[in-house]
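In: A structural model of the following input is requested.
(one chain, ligands or ions: 1)
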Amino acid sequence: MKRTNSNALYQISSQYFPGGVNSPVRAFRSVDGTPIFITKGNGAYVTDADDNNYIDFCASWGPLILGHNHKKIKDAVIEAAENGLSFGAPTIQENELAALLIKNNRFVEKIRFVSSGTEAVMSAIRLARGYTKRDKIIKFEGCYHGHADHLLVKAGSGLVTFGSSSSAGVPEAIAKETLVLPLNNKEALIKAFEEHKEEVACVIIEPVPANNGLLLQDKEYLEFVKKIAHENCALVIFDEVISGFRVGFEGAAGYYDIQPDIITYGKIIGGGIPAGCYGSSAKIMSYIAPDGDVYQAGTLSGNPIAMSAGRAALTELLKDGFYEDQQDRTQKFVNKIKHHIDQKGYNIQISTIGSIFWMVYGDQPQIQSPDQISKDASKYFKAIFSKLLQKGVYLGPSGFEVGFVSAAHSDEILDEAANKINTALDEVNIEYNLS
Ligand SMILES: *Cc1c(COP(=O)(O)O)cnc(C)c1O
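Out: Coordinates of the predicted model:
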């Protein structure tokens with residue numbers, strides 16, 4: 001497979017950007033390679049600068065639930081662009097997208113649009129702090145919430161620990177306001193609330209943790225998170241930047257039927273254009289400026305192009321049977337791979353929810369926290385990833401990233417992809433022995 005043009009473009013981009021990229025995981029460092037430059041996407045496929053085609057499961061890291069270059073979204077963007085790109089004043093498009101979201105979602109009454117998932121989450125945290133008049137937050141090891149200072153924090157040692165920053169440039173003073181706990185561990189939550197009575201503003205969790213592999217939690221655990229937070233007058237934030245509009249129109253809140261206090265959305269909500277939002281009850285949202293004294297603003301917030309793209313996307317998602325169909329196709333695809341793995345006795349697990357899937361080396365059947373992931377997982381992922389790339393299947397370039405199936409991934413395309421994945425596993429098995 002020719003890579004000449006991508007390699008040349010990477011040489012150039014490396015002169016302009018750190019690592020040659022504008023977001024670190026794109027650099028292919030965790031798969032020991034150099035990035036492929038994408039020139040276009042259509043349906044389930046992307047094409048690179050050397051005209052290679054790939055079945056794409058990265059889907060721009062989740063936003064493209066309808067596939068690439070969806071006609072309705074493209075038309076909506078072009079139509080909106082005819083009237084100008086941004087006004088910094090209220091537009092009808094904001095009302096329309098908000099109406100779609102709020103009228104079809106039992107879990108938020110009011111929202112505020114922003115321009116990214118990170119911005120949604122950092123605003124939600126500020127809201128929780130402003131509402132509770134407390135500073136500390138609890139997050140979980142294995143959940144990602146964007147790159148704001150107080151969320152780039154990792155656990156130290158011990159069950160309940162103050163975080164230490166996971167990035168240079170994050171002040172320890174800020175990191176120590178974040179408590180980082182193990183996922184799926186009630187004990188740790190009990191202990192944290194005992195040790196920090198009346199100090200914790202909120203507990204933030206990805207209800208479907210999908211940024212460190214797919215670490216599906218039990219509903220009962222998620223209910224416990226809410227219960228103990230509320231007993232301690234702390235808020236619960238569901239970070240649904242991935243799971244929102246993905247595991248159902250109402251996201252994980254709807255999937256598990258749990259009402260959190262604040263929800264954040266991103267990715268899918270902009271239909272592929274930068275947008276995010278956070279939402280809550282009308283009462284909690286009344287704390288946001290200009291109604292309340294929690295300040296949060298954005299020059300390009302509610303941008304009419306992004307709102308139009310989001311509206312076109314969400315309209316499709318609301319059609320009867322959309323999510324059932326997504327899940328059915330994904331399940332068939334996953335089952336086909338699972339069947340092959342079982343037959344061959346490979347030490348590979350594949351898990352799924354909605355139209356998300358994740359394949360990982362190891363013998364642990366149900367992984368619910370990062371420490372259950374095999375130390376060798378990355379080594380095997382690298383090998384599988386590179387075989388798949390050669391066969392024309394594009395996964396996110398890290399073993400900790402999940403795969404996304406879109407509406408454009410037909411049964412036929414998924415069949416072809418499953419066959420290629422099964423063949424790739426057979427080839428990797430010859431070199432590394434997967435059993
Ligand atoms: C992607 C993601 C974010 C950050 O969103 P950006 O748009 O990349 O800033 C936050 N939380 C979760 C759960 C995400 O998956």
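
In: quick one: distance of stretch 358-378 to the chain centre.
Out: 19 Å (C-alpha atoms, centre = their mean, to the nearest Å).

In: repeat that for stretch 171-183.
Out: 21 Å.

In: contacts for it, please.
Out: Contacts with stretch 171-183, where a contact means C-beta atoms under 8 Å, 6 or more residues apart in numbering, come from 135-143, 149-156, 159-165, 188-189, 192, 196, 200, 209, 215, 217, 368-371. The way it works is simple: take the backbone N, C-alpha and C, and place the C-beta from them, glycine included.

In: at 6 Å instead, please
Out: 135-142, 149-150, 153, 155, 162-165, 188, 192, 369 (C-beta atoms under 6 Å, 6 or more residues apart in numbering).

In: where does residue 113 fall, secondary structure wise?
Out: Following DSSP states H and E, one finds residue 113 within strand 110-114.

In: which elements pack onto that strand?
Out: Under the contact definition 3 or more C-beta pairs under 6 Å, 6 or more residues apart in numbering; DSSP states H and E, strand 110-114 sits against strand 276-280.

In: what residues sit buried inside the helix or strand following the strand it packs on?
Out: Helices and strands here follow DSSP H and E; after strand 276-280, the next one along the chain is helix 282-285. Neighbour-count burial for helix 282-285 flags 284-285 (criterion: 16 or more other C-beta atoms under 10 Å).

In: so what's the gap between helix 282-285 and the chain middle?
Out: For helix 282-285, the distance to the chain centre is 25 Å (C-alpha atoms, centre = their mean).

In: swap in stretch 243-255?
Out: 12 Å.

In: just the contacts of stretch 171-183: which are in strands?
Out: Mapping the contacts of stretch 171-183 onto strands (DSSP state E) picks out 136-141, 153, 162, 164-165.

In: of these, list those near the ligand.
Out: Counting by C-beta under 6 Å from any ligand atom, nothing from these sits close to the ligand.

In: in those, which has the lowest confidence score?
Out: Taken together, these show their lowest pLDDT at residue 162, with 70.

In: partners of that one in the sheet?
Out: residue 179 (DSSP bridges).

In: relative to residue 285, how far out is it?
Out: Counting by C-beta to C-beta, to the nearest Å, the separation of residue 162 from residue 285 is 30 Å.

In: got it, and residue 127?
Out: Taken as C-beta to C-beta, the span from residue 127 to residue 285 is 8 Å.

In: cool, and residue 275?
Out: Counting by C-beta to C-beta, the gap from residue 275 to residue 285 is 18 Å.

In: point to the helix or strand of this structure where mean pLDDT is at its lowest.
Out: strand 161-162 (a mean of 65; mean pLDDT, DSSP states H and E).

In: now the helices for the chain?
Out: Using DSSP state H, the helices found in the chain span residues 4-16, 71-81, 92-103, 117-132, 172-175, 186-195, 219-231, 251-256, 282-285, 304-317, 322-344, 377-390, 411-432.

In: from the chain's centroid, how far away is the longest one?
Out: In other words, helix 322-344. Worked out by C-alpha atoms, centre = their mean, helix 322-344 lies 21 Å from the chain centre.

In: and the stretch 1-150 of the chain, which residues reach the ligand?
Out: 116-118, 121, 144-146.

In: going by proximity to the ligand, name the top residue of the stretch 101-250 of the chain.
Out: When distances are taken as C-beta to the nearest ligand atom, the stretch 101-250 of the chain reaches nearest to the ligand at residue 117, 2.1 Å away.

In: how about that residue, nearest residue that isn't a chain neighbour?
Out: Leaving out its chain neighbours, the residue that sits closest to residue 117 by C-beta to C-beta, 6 or more residues apart in numbering is residue 266, at 3.0 Å.

In: what's around that neighbour, how many residues?
Out: Under the neighbour criterion other C-beta atoms under 10 Å, residue 266 is assigned a count of 28.

In: biggest separation within the residues of the stretch 1-150 of the chain next to the ligand, which pair?
Out: The span of those, defined through C-beta to C-beta, is set by 116 and 144 at 13.2 Å.

In: what residues are shared contacts of these two?
Out: Joint contacts of residue 116 and residue 144 (C-beta under 6 Å, 6+ apart) do not exist.

In: tell me where the model's unsure across the stretch 51-200 of the chain.
Out: 156-161 (pLDDT under 70).

In: what residues does the stretch 251-400 of the chain put near the ligand?
Out: Going by C-beta under 6 Å from any ligand atom, the residues of the stretch 251-400 of the chain near the ligand are residue 266.

In: residue of the stretch 251-400 of the chain nearest the ligand, please.
Out: residue 266 (4.5 Å).

In: now that residue: phi and psi?
Out: phi -160, psi -150 (degrees, to the nearest 10).

In: same question for residue 244.
Out: The phi/psi pair for residue 244 (degrees, to the nearest 10) is phi -60, psi 130.

In: give me every residue that touches it.
Out: 251, 265.

In: separation between residue 413 and residue 53?
Out: Distance from residue 413 to residue 53, by C-beta to C-beta: 11 Å.

In: the more surrounded of the two?
Out: Legend: neighbour count by other C-beta under 10 Å for residue 413 and residue 53, higher for residue 413 (19 against 13).

In: no further queries at this time; thank you.
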